[in-house]
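1. Predicted model and sequence below, questions to follow.
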Amino acid sequence: MKWALVAMITLSVSALKASVQQTEGNNPSNDRPPAEDAGKNKVIKNLPILKSGPWLDLDDTHPTATFTVSASDLQSDQPINITATSGFSVKPQVIPANAQNTTVTVTLNSTKKLTLGHVILRSGATRSYVNLKGYGSKMTTKAMTNNPKYAGGRDAEITFGEKEGFNPDVNGFTMEFKVNTDSLKEFYPYAVTNKGIGFKAYINAKGMGLYNGLDKKELFNPTINEESGLGQFYNDDKRSHTYRYSFTRDNRIIIFKDNLLIDSVRATDYGTQPEFAVGNGDMVENLLKNPNFEGEFNTAYDNHIATKIEGWDVLIGDRYNSEQFIKNQEINNQQDFDNHILSMNNYKWADGWSASEIGQVIDVVPNETYTLSALVRGGIKKEGPTMGVIKIQEVQDNSLGTSVDVTDNNWQTYSLDYTTSATCKQIRIFFYLERDKWGATISPLEVDNVKLTGKSRTYAAKAGFQNTSTGIDYFTFDTTGAYAPNLNPQINISVGKAK
């Protein structure tokens, strides 16, 4: 009889239990599906593949939990690496190969109503998993009309820095204002933390949205996003409307209009404004957000097309033009079947109205050299030219930049250097898949391990607005946390029996 020596990692789970709070009415947790594509496409929640292993439950009341690790028969030079999926963090991240009774702590970082994920423990080819379930609590309500920071008027721009009281901590902040944006009026609220995370929004007579660098990204009105609705905001009714932007501790922006929930978005999905940066920082190995595509992503349609990817801008949201997916892909022994990549396809049965682009805006220093590298394959047309390109483009002058073609259907590391111009404040790096004629066969353009190395920028916290003739009733903020409105508009109906 042959005996097999099996390496093992055994887990003992000790979770801190807490009651699950449900979201009701207008007091949301932060997981509202995106209102993109005018709400006409079914949004499907992206859930990670659950693993064989014990469960840990966490919530905002008890955001940490522990489990114990004991390992045996592992190779002594193969320590146990411990990682957690998006929305969670774990400590320690490395323990000795045959550790006994070692405590590992998991922390819930997400504020979403429900976050599913897992902890991955790996030593060589041996793996174990802990499944995670995190519950976000309801947002606390708070009125903000008393003692506004700006009592009203038509000023073209007002800014509040740290000296004027805008100094948010790790709990986030809330901004609220009441404006009239009919006719040609437009209002631009903005805020940024000293870590360079923030937003600039716009509100006009017909719509509202957020800026990605210098480009506008429209939001859609969920109250009229039915099959025949246009998803528009009709702000030209000669009335003043109240808007609230609640910025959570995990960098989500919860947006309200007239006390009704409009959307929840990730601030990291949007490029900052060039004027947010105030100085030059240190050299940083990787300036990109979610460079390995292990972060969150939103999906829609029945085939799980990624409509939003954490840290990245999906330029084209039309499935009949192009498609993009975040999918599992084993690349090597280190990046195994738990690894994720970006995959881009063109729609096969039409030539499309635009190339597919997925990119990111980064603040940069003028006259500095930046190095972009990525592991890429595909974008190759059968019996034709290469269609996939890696590009760097200056935001302030998009005629300036550089690029490299992807030339192989096998994984290759591509690298390119670019020295910014004297007036450059931001660059956009992106992956580009050119369209072709109807019925063309083009392999998917697939990407992982993206890195942009160069000098960083520094920031000072500030909040305020720019204004084009808008009548402002008030503008205010609260830096103690992210709050929902204290009012909950609703129409209640009770039906009695007919007599």
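-> Great, that's in hand.

2. So Met387 sits against Gly379, correct?
-> Yes - if you go by Cβ atoms under 8 Å, Met387 and Gly379 touch, sitting 4.8 Å apart. Using the backbone N, CA and C atoms, a C-beta is placed for each residue, glycine as well.

3. Spit out the residues that contact the two alike.
-> Both Met387 and Gly379 are in contact with Leu433, Glu434, Ile442, Leu445, where contact means Cβ atoms under 8 Å, 6 or more residues apart in numbering.

4. wait, doesn't Asn109 sit right on Val90?
-> No - with contact defined as Cβ under 8 Å, Asn109 does not reach Val90; the gap is 10.6 Å.

5. between the two, who's got more neighbours?
-> Ranked by neighbour count (other Cβ atoms under 10 Å), Asn109 and Val90 place Val90 first, with 19 against 16.

6. Report pLDDT for that one.
-> Note on Val90: pLDDT of 97.

7. which ones are touching it?
-> Ile82, Thr83, Ala84, Val104, Thr105, Val106, Thr107, Val119.

8. Can you select the buried ones from the residues you listed in PyMOL?
-> Remark: buried members of the contacts of Val90, expressed as a PyMOL selection using 16 or more other Cβ atoms under 10 Å:
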select buried, resi 82+84+104+106+119
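
9. Of the contacts of Val90, which is the nearest to Pro54?
-> Proximity of those to Pro54 (Cβ to Cβ) peaks at Val119, which lies at 9.9 Å.

10. For that closest one, which three-state class applies?
-> strand (DSSP: H, G, I helix; E, B strand; the rest coil).

11. buried sites along stretch 292-307?
-> Buried, per 16+ other Cβ under 10 Å, within stretch 292-307: Asn292, Phe293, Glu294, Gly295, Glu296, Phe297, Asn298, Thr299, Ala300, Ile305, Ala306, Thr307.

12. what helices or strands is the host helix or strand of the last one leaning on?
-> In other words, Thr307. Assigned by DSSP states H and E, Thr307 belongs to strand 305-309. Strand 305-309 sits against strand 297-300, strand 313-314, strand 322-328, with contacts defined as 3 or more Cβ pairs under 8 Å, 6 or more residues apart in numbering; DSSP states H and E.

13. Met387 and Gly379: which is more packed in?
-> Gly379 (29 against 23).

14. Once you drop chain neighbours, what's closest to that one?
-> Gly388 (2.1 Å; Cβ to Cβ, 6 or more residues apart in numbering).

15. Do you know the pLDDT at that neighbour?
-> Gly388 carries a pLDDT value of 93.

16. Give the burial count for the nearest residue to Leu219 once chain neighbours are set aside, as a bare number.
-> Of all residues not flanking Leu219 in the chain, Gly209 sits nearest, at 4.7 Å (Cβ to Cβ, 6+ apart). Residues lying near Gly209 (other Cβ under 10 Å) number 20.

17. and what of Asp448?
-> Counted with other Cβ under 10 Å, Asp448 comes out at 21.

18. Likewise for Tyr150?
-> Neighbours of Tyr150 using other Cβ under 10 Å come to 17.

19. for the protein, which strand is longest?
-> The longest strand of the chain (DSSP state E) is strand 445-459.

20. Check which helices and strands it is in contact with.
-> Using 3+ Cβ pairs under 8 Å, 6+ apart: strand 445-459 touches strand 277-284, strand 340-346, strand 356-363, strand 369-377, strand 426-433.

21. any idea how far Arg122 lies from Tyr483?
-> For Arg122, the distance to Tyr483 equals 41 Å [Cβ to Cβ, to the nearest Å].

22. Thr145 now?
-> Remark: distance between Thr145 and Tyr483 (Cβ to Cβ) = 13 Å.

23. ok, now Asp417?
-> Distance of Asp417 to Tyr483, given as Cβ to Cβ: 46 Å.

24. Repeat that for Met144.
-> 7 Å.

25. shared neighbours of those two, anything?
-> Residues touching both Met144 and Tyr483 (Cβ under 8 Å, 6+ apart): Thr174.

26. Ok, which of the helices and strands packed on strand 305-309 comes nearest Tyr370?
-> Tyr370 lies closest, by Cβ to Cβ, to one member of the helices and strands packed on strand 305-309: strand 313-314, at 18.5 Å.

27. Which residues does the closest one contact?
-> With contact meaning Cβ under 8 Å, 6+ apart, strand 313-314 is reached by 212, 217, 269-271, 306-308, 324, 358-361.

28. Could you save those as a markdown table and add columns showing pLDDT?
-> Rendered in a markdown table, the data for those read as follows (pLDDT from 0 to 100):
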| residue | pLDDT |
| --- | --- |
| Asn212 | 95 |
| Lys217 | 94 |
| Asp269 | 96 |
| Tyr270 | 96 |
| Gly271 | 95 |
| Ala306 | 91 |
| Thr307 | 90 |
| Lys308 | 92 |
| Gln324 | 92 |
| Ile358 | 96 |
| Gly359 | 97 |
| Gln360 | 98 |
| Val361 | 98 |
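
29. Redo those as CSV? Include distance to Tyr150.
-> What follows is the contacts of strand 313-314, written out as CSV (distance: Cβ to Cβ, whole Å):
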residue, distance to Tyr150
Asn212, 27
Lys217, 26
Asp269, 28
Tyr270, 24
Gly271, 27
Ala306, 39
Thr307, 36
Lys308, 32
Gln324, 41
Ile358, 38
Gly359, 35
Gln360, 33
Val361, 29
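
30. Which one of the residues you listed is nearest to Ser421?
-> Closest approach between the contacts of strand 313-314 and Ser421, by Cβ to Cβ: Val361, at 16.1 Å.

31. what's the helix or strand for the closest residue to that closest one other than its chain neighbours?
-> Of all residues beyond its chain neighbours, the one nearest Val361 is Gly271 (2.7 Å), with distances taken as Cβ to Cβ, 6+ apart. In this structure, Gly271 is located outside every helix and strand according to DSSP H and E.

32. count of neighbours near Gly271?
-> Neighbour tally, Gly271, other Cβ under 10 Å: 27.

33. same deal with Ile224?
-> 15.

34. residues contacting the residue nearest to Val361?
-> Shown in contact with Gly271 (Cβ under 8 Å, 6+ apart): Tyr211, Asn212, Gly213, Asp313, Gln360, Val361, Ile362, Val395, Gln426, Arg428.

35. Enumerate every residue touching the second one.
-> Going by Cβ under 8 Å, 6+ apart, Asn212 touches Asp269, Tyr270, Gly271, Asp313, Val361.

36. Using a markdown table, lay out those together with distance to Lys195.
-> Shown next, in a markdown table, are the contacts of Asn212 (distance: Cβ to Cβ, whole Å):
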| residue | distance to Lys195 |
| --- | --- |
| Asp269 | 16 |
| Tyr270 | 15 |
| Gly271 | 15 |
| Asp313 | 20 |
| Val361 | 16 |
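
37. wait, which of those is closest to Asn410?
-> Using Cβ to Cβ, these come closest to Asn410 at Asp313, 27.7 Å.

38. So for that closest one, what pLDDT did the model give?
-> pLDDT at Asp313 comes out at 95.

39. For beta bridges, what are the partners of it?
-> Asp313 has the following beta-bridge partners by DSSP bridges: Gly359.

40. ok, how many other residues are close to it?
-> As a burial measure, Asp313 scores 20 neighbours (other Cβ under 10 Å).

41. So for Thr145 and Tyr483, which residue has more residues nearby?
-> Counted by other Cβ under 10 Å, Thr145 and Tyr483 do not tie: Tyr483 has more neighbours, with 21 against 12.

42. ok, the more buried one - contacts?
-> The contact partners of Tyr483, taken as Cβ under 8 Å, 6+ apart, are Met139, Thr140, Thr141, Lys142, Met144, Thr174, Ser246.

43. do you know how far the first one is from Lys113?
-> So that's Met139. Separation of Met139 from Lys113 (Cβ to Cβ): 10 Å.

44. So the residue lying closest to Tyr245 once chain neighbours are set aside, which state does it fall into?
-> Spatial nearest neighbour of Tyr245, chain neighbours left out: Met175 (4.7 Å); criterion: Cβ to Cβ, 6+ apart. Using three-state DSSP, the three-state assignment for Met175 comes out as strand.
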